[in-house]
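> model this:
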Amino acid sequence: MDRPDRYTRTAIALHWLVAALVLAQLAWGVWMQTIPKQPVGPRVDAFNLHKSLGMLILGLVMVRLGWRLTHRPPPLPPMPRWQALGARASHAILYLALIAQPIIGFLGSAASGYPVRLFGTTLPPLMARHDALKAELSGAHAAVATVLVATIAVHVAAAMRHALARDGVIERMWPRRAGAAARAQVPPREASRANVAS
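Model prediction:
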């Protein structure tokens, strides 16, 4: 059973799944730039996987956003107003960047004139080759990636700060073992009785 002071299990699972995919995607995006252009096969395969993962992340983020809109997140523990505002702002930036980045990348691929493949399936061409638009979208893709990395860094630093402070913020999203979750649901009086009995 979900607790009101924690995110739901679905929200927690989506959060950590998206986080793992985004970190892998960022690393993959940097690494694939180092692949030689000849022969074209390995580089093309790496870029197509990057596009596929990007669209997968977009789908998961949309599911996560829909879940958040229909399931109220737990309230923040008492904290300075600027920290609460910063938390909300960073979440908003993360959502915007994670939605915009795959769309920009997809449109850039479509403008390149090369076929766009998602997990091996070739998509119908969205537009004719447009080199100027492709260049603009590539610049936007790089800029959003920079914003995303900076926001993730701030997000992780804030999470570490709250973990060290043990103020209850990190526990709202941290996965819990079944045994720990079950013990947390036992009322204090019953828990003390169980300890005495043992």
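> for the residue lying closest to V169 once chain neighbours are set aside, give me the pLDDT.
Leaving out its chain neighbours, the residue that sits closest to V169 by Cβ to Cβ, 6 or more residues apart in numbering is H162, at 3.8 Å. No exception for glycine: its C-beta is placed from N, CA and C like everyone else's. pLDDT for H162: 90.
> mind checking how far H162 is from H15?
As judged by Cβ to Cβ, to the nearest Å, H162 and H15 stand 15 Å apart.
> ditto for P77
Counting by Cβ to Cβ - P77 and H15 are separated by 18 Å.
> tell me which of those two has more neighbours.
Legend: neighbour count by other Cβ atoms under 10 Å for P77 and H15, higher for H15 (17 against 14).
> tell me how many other residues crowd Q25.
Look at Q25: counted by other Cβ under 10 Å, it has 21 neighbours.
> check contacts around the closest residue to it other than its chain neighbours.
In space, Q25 comes closest to L53 once its chain neighbours are excluded; the distance is 5.2 Å by Cβ to Cβ, 6+ apart. L53 makes contact with L21, A24, Q25, W28 under the criterion Cβ atoms under 8 Å, 6 or more residues apart in numbering.
> how much space between L53 and Q83?
Distance from L53 to Q83, counting by Cβ to Cβ: 32 Å.
> tell me which element the residue nearest to Q25 falls in.
helix 40-70 (DSSP states H and E).
> and the next helix or strand past that helix?
Counting by DSSP H and E, the next helix or strand C-terminal to helix 40-70 is helix 81-111.
> what helices and strands are in contact with that next one?
The contact analysis (3 or more Cβ pairs under 8 Å, 6 or more residues apart in numbering; DSSP states H and E) places helix 81-111 against helix 40-70, helix 131-165.
> can I get these in a markdown table including distance to P175?
Output for the helices and strands packed on helix 81-111, formatted as a markdown table (distance: least, Cβ to Cβ, whole Å):
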| stretch | distance to P175 |
| --- | --- |
| helix 40-70 | 15 |
| helix 131-165 | 14 |
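> and those helices: which comes nearest I99?
Among those, helix 40-70 comes nearest to I99, with 6.0 Å by Cβ to Cβ.
> let's see stretch 160-169 as PDB, backbone CA atoms only.
Provided in PDB are the C-alpha atoms of stretch 160-169 (Å, rounded to 0.1, in the frame of the first residue of the first chain):
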ATOM      1  CA  MET A 160      22.700  14.400  -1.700                       C
ATOM      2  CA  ARG A 161      22.300  17.400   0.500                       C
ATOM      3  CA  HIS A 162      18.900  16.200   1.700                       C
ATOM      4  CA  ALA A 163      20.200  12.600   2.200                       C
ATOM      5  CA  LEU A 164      23.000  13.900   4.400                       C
ATOM      6  CA  ALA A 165      20.600  16.100   6.300                       C
ATOM      7  CA  ARG A 166      18.200  13.200   6.700                       C
ATOM      8  CA  ASP A 167      15.200  15.500   6.500                       C
ATOM      9  CA  GLY A 168      12.900  13.000   4.900                       C
ATOM     10  CA  VAL A 169      13.000  14.500   1.300                       C
END
